[in-house]
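A.B. asks: Task: produce atomic coordinates for the following.
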Amino acid sequence: MNYILFDGTVRNALLPFTYTRPVADIRVGILTIREKWEKYLGITTTTITEEYLSEKYPMVEMEQNVLINASFFPNKALVAIIENLKENELVLYNDEIIAFYTKETQEEVDFSTYTAIEYKEEVLRIEHTWDIFSKNGAAIQADFELLTAGRKSKPISKTNTVINPENIFLEEGAKVECSILNASAGPIYLGVDSEIMEGSIIRGAFALCNHAQVKMGAKIYGPTTAGPHCRLGGEVNNSVLFAYSNKGHDGFLGNSVLGEWCNLGADTNNSNLKNNYAQVRLWDYDTEGFAKTGLQFCGLMMGDHSKCGINTMFNTGTVVGVSANIFGSGFPRNFVPSFSWGGASGYTTYLTKKAYETAKVMMSRRKVEFDEQEEAILDHVFEETKKWRKE
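C.D. replies: Sure, this is the predicted structure:
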């Protein structure tokens with residue numbers, strides 16, 4: 001069977017993260033949504049997404065295809081239903097299509113001819129950017145059980161203080177010394193060749209993915225995820241870093257999401273609670289206004305390739321687009337458009353030539369190439385987000 005993940009109705013609600021990736025490649029928990037589905041299905045998947053992303057994330061269509069809404073996370077019960085779908089059957093959850101089986105091309109699918117199977121069990125789903133951190137604890141727990149089932153952790157060094165060691169798992173090459181690991185409130189997972197440096201205090205749920213690193217003396221409150229090759233330092237609470245992003249110094253990051261190739265300067269802090277304890281509103285790209293989140297705690301949403309200088313202060317509920325460069329004193333506005341250069345005193349356009357030079361240098365340090373494909377995606381984002389910048 002050929003499995004294809006599609007963005008579904010929530011793609012725009014997950015901007016700025018879906019400017020540069022399909023919904024399937026968002027990381028929540030230990031794994032990306034795509035990695036979760038591929039683990040359960042035991043097969044690779046392809047993607048239906050925005051046309052400008054399709055070269056990097058292609059779709060392969062075969063004679064028999066099952067299409068899966070990537071905003072939903074797999075579980076045993078749901079996967080069993082999907083694997084047993086027959087032609088022209090679909091799975092529904094609260095009137096939203098989770099999956100369907102077709103032998104037709106995408107243009108020919110007529111759902112009025114399909115037999116619906118109602119899925120009424122509990123299922124994890126992301127519908128908004130803030131779901132990425134607010135549902136991260138449940139996602140870490142599910143991924144931890146999936147990845148560690150029937151396996152034995154590498155030994156934990158006796159230099160550490162450990163609470164609930166049965167809820168801690170170290171992959172090959174993971175290192176942690178002279179630290180406090182408390183897995184009472186959720187599991188702690190250390191990926192391949194990851195490292196927690198001396199003096200760190202970690203409270204689960206916590207996922208340190210492959211080749212990621214926690215700096216000395218860090219204080220990490222769960223549920224928090226540091227994706228592959230990320231760097232974490234200072235104080236972090238209930239946040240998700242996708243991959244290759246750095247929050248390596250002192251300062252606070254809470255109830256926040258950073259995409260890939262982001263960098264927070266030393267002593268950067270974000271507020272995650274309004275002074276009047278009111279509900280937090282976040283920028284909505286569709287309505288071009290600030291939407292209610294229903295949350296009292298909500299921090300920073302930062303798209304790929306964005307960076308800030310030392311001592312940057314972010315207000316509660318700040319959205320930063322793709323490839324922005326923020327610096328200077330005072331609080332930047334609560335919505336910073338993609339390719340913005342500046343801070344509280346105002347912005348100019350961060351020219352693509354300069355932005356790409358920075359991206360090339362940063363990526364080459366991790367032995368990753370900034371290629372024409374990546375440049376074409378960012379070119380598209382630059383043009384699509386032009387209306388929010390003051391040229």
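A.B. asks: In the sheet, which residues pair with residue 101? Tell me.
C.D. replies: Beta-bridge partners recorded for residue 101 (DSSP bridges): residue 66.
A.B. asks: that's a strand at residue 294, yeah?
C.D. replies: No - according to DSSP: H, G, I helix; E, B strand; the rest coil, the state of residue 294 is coil, so it is not within a strand.
A.B. asks: Could you give the number of residues near it?
C.D. replies: Residues lying near residue 294 (other CB atoms under 10 Å) number 11. Any C-beta I mention is one placed from the backbone N, CA and C, and that applies to glycine too.
A.B. asks: Got the phi and psi for it?
C.D. replies: phi 80, psi 10 (degrees, to the nearest 10).
A.B. asks: residues near residue 375, how many?
C.D. replies: That count, for residue 375 with other CB under 10 Å as the rule, works out to 15.
A.B. asks: quick one: the closest residue to it other than its chain neighbours and residue 305, what's the gap?
C.D. replies: Among residues not flanking residue 375 along the chain, residue 356 sits closest, at 6.2 Å (CB to CB, 6 or more residues apart in numbering). Relative to residue 305, residue 356 is positioned 9 Å away (CB to CB, to the nearest Å).
A.B. asks: Settle it for me: which of those two has more neighbours?
C.D. replies: Under the criterion of other CB under 10 Å, the comparison of residue 356 against residue 305 puts residue 305 first, with 31 against 17.
A.B. asks: Now that residue 19 has come up, it's in contact with residue 338, right?
C.D. replies: Yes - using CB atoms under 8 Å, residue 19 makes contact with residue 338 at a distance of 7.1 Å.
A.B. asks: joint contacts of the two?
C.D. replies: 303, 321, 322, 381, 385 (CB atoms under 8 Å, 6 or more residues apart in numbering).
A.B. asks: any idea of the mean pLDDT for stretch 122-134?
C.D. replies: In this model, stretch 122-134 carries a mean pLDDT of 97.
A.B. asks: can you give me how far that stretch is from the chain middle?
C.D. replies: Here stretch 122-134 is found 11 Å from its chain centre; the criterion is CA atoms, centre = their mean, to the nearest Å.
A.B. asks: Please identify the buried residues of it?
C.D. replies: Within stretch 122-134, the residues that qualify as buried are 124, 125, 126, 128, 129, 130, 131, 132, 133, 134, counting by 16 or more other CB atoms under 10 Å.
A.B. asks: now swap in stretch 85-105 and tell me
C.D. replies: By 16+ other CB under 10 Å, the buried positions in stretch 85-105 come out as 85, 88-93, 96-102.
A.B. asks: now what about that stretch, what contacts it?
C.D. replies: The contact list for stretch 85-105 (CB under 8 Å, 6+ apart) reads 8-9, 61, 63-69, 72, 78, 81-82, 109, 111, 113-120, 123, 125.
A.B. asks: In helices, which of those residues fall?
C.D. replies: Counted as lying in helices by DSSP state H, out of the contacts of stretch 85-105, are 78, 81, 82.
A.B. asks: Among the residues you listed, find me the one that's closest to residue 55.
C.D. replies: Nearest to residue 55, judged by CB to CB, of the ones in helices among the contacts of stretch 85-105 is residue 82 at 27.6 Å.
A.B. asks: which ones are touching the closest one?
C.D. replies: Per CB under 8 Å, 6+ apart, neighbours of residue 82: 66, 68, 91, 98, 99.
A.B. asks: Now do the strands in the stretch 51-200 of the chain.
C.D. replies: 65-69, 89-93, 96-102, 115-118, 161-163, 168-170, 175-176, 180-182, 188-190, 195-196 (DSSP state E, counting those that start in this stretch).
A.B. asks: wait, which of those strands is closest to residue 227?
C.D. replies: Per CB to CB, nearest to residue 227 of the strands of the stretch 51-200 of the chain: strand 188-190, 12.1 Å.
A.B. asks: Which strands border the closest one, and is each parallel or antiparallel?
C.D. replies: For strand 188-190, pairing defined by DSSP bridges yields strand 168-170 (parallel), strand 206-208 (parallel).
A.B. asks: which residues sit against the first one?
C.D. replies: This means strand 168-170. Residues beyond strand 168-170 that count as contacts (CB under 8 Å, 6+ apart) turn out to be 144, 147-148, 151, 153-156, 162, 176, 181, 183, 187-190, 204.
A.B. asks: do that again at 6 Å, thanks
C.D. replies: 148, 153, 154, 181, 183, 188, 189, 190 (CB atoms under 6 Å, 6 or more residues apart in numbering).
A.B. asks: So the second one versus residue 144, what's the distance?
C.D. replies: By that I understand residue 153. For residue 153 relative to residue 144 (CB to CB), the value is 11 Å.
A.B. asks: do residue 282 as well
C.D. replies: 29 Å.
A.B. asks: Between those two, which has more neighbouring residues?
C.D. replies: Each of residue 282 and residue 144 had its neighbours counted (other CB under 10 Å), and the higher figure belongs to residue 144 (23 against 20).
A.B. asks: List the contacts of that one.
C.D. replies: Counting by CB under 6 Å, 6+ apart, residue 144 has contacts 187, 189.
A.B. asks: so who does residue 64 touch?
C.D. replies: residue 103.
A.B. asks: cool, and the one 5 residues further on?
C.D. replies: The contact partners of residue 69, taken as CB under 6 Å, 6+ apart, are 8, 98.
A.B. asks: the helices in the stretch 101-250 of the chain, which residues?
C.D. replies: 131-134, 136-148 (DSSP state H, counting those that start in this stretch).
A.B. asks: The stretch 251-391 of the chain too?
C.D. replies: 352-365, 372-384.
A.B. asks: in the last one, what's buried?
C.D. replies: For helix 372-384, burial by neighbour count (16+ other CB under 10 Å) applies to 374, 377, 378, 380, 381, 382, 384.
A.B. asks: All good on my end, thank you.
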